[in-house]
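sequence plus the predicted model coming up.
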Amino acid sequence: MEILIYTTSEGETAVVTPTPEYLANNTIEDLQNKYAADGISAYLMTKDALPPEDFRNSWKQSNGVINEDLAMVKEMAHTRRRARRDELFKPYDEIIAKQIPGNDAQQAEQARVGIRDSDQLVQQVIDNADTVEDIRAALAAYQA
């Protein structure tokens, strides 16, 4: 399926997928011409040419080509990494904070050290990544 892409005035990449109802009476080129009439350079591409959606907010369009902004992907990945770390910490944080009888706070802290170590490795991989694929792989391993 053909779609249109363009850069908004805010610098975001917009994707326009025409509805079947629109295409029943118009062509995708009609839609592209409508954007051109408004002074917007909208480019045709196929939907399968889009990058994966997982870092959608990092997309940058240039002359009809969408690339993922590596710096933005790193920021987004760190946000996800921190959320995962917090999720892993949660049961141990409660034991330590509440000093729940029958639960060993020392074991909980030891578990937290392991989580911190794993998290630090993922953080380093993200920081040193040269490709978005490397970041995806690091996050996938951390989520497992």
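That came through, no problem. Residues are numbered from 1 along each chain as shown.

how distant is stretch 118-132 from the center of its chain?
In terms of C-alpha atoms, centre = their mean, to the nearest Å, the gap separating the centre of stretch 118-132 from the centre of its chain is 15 Å.

show me what counts as buried in that stretch.
Neighbour-count burial for stretch 118-132, counted by 16 or more other C-beta atoms under 10 Å, picks out 119, 122, 123, 125, 126, 129, 132. For every residue, glycine as well, the C-beta is placed using N, CA and C.

quick one: which of those residues is nearest residue 78?
residue 126 (6.1 Å; C-beta to C-beta).

go through the buried residues of stretch 118-132 and flag which are in strands.
With DSSP state E as the criterion, strands contain none of the buried residues of stretch 118-132.

where do the helices of this structure begin and end?
20-25, 28-37, 70-98, 105-128, 132-143 (DSSP state H).

of these, which approaches residue 3 most closely?
Comparing those by C-beta to C-beta, helix 28-37 comes nearest, at 8.0 Å.

so for the closest one, what gets flagged as buried?
Result for helix 28-37 [16+ other C-beta under 10 Å]: buried residues 28, 31, 32, 35.

mind picking the two most distant members of those?
Farthest apart among the buried residues of helix 28-37 - using C-beta to C-beta - are 28 and 35, which lie 11.0 Å from each other.
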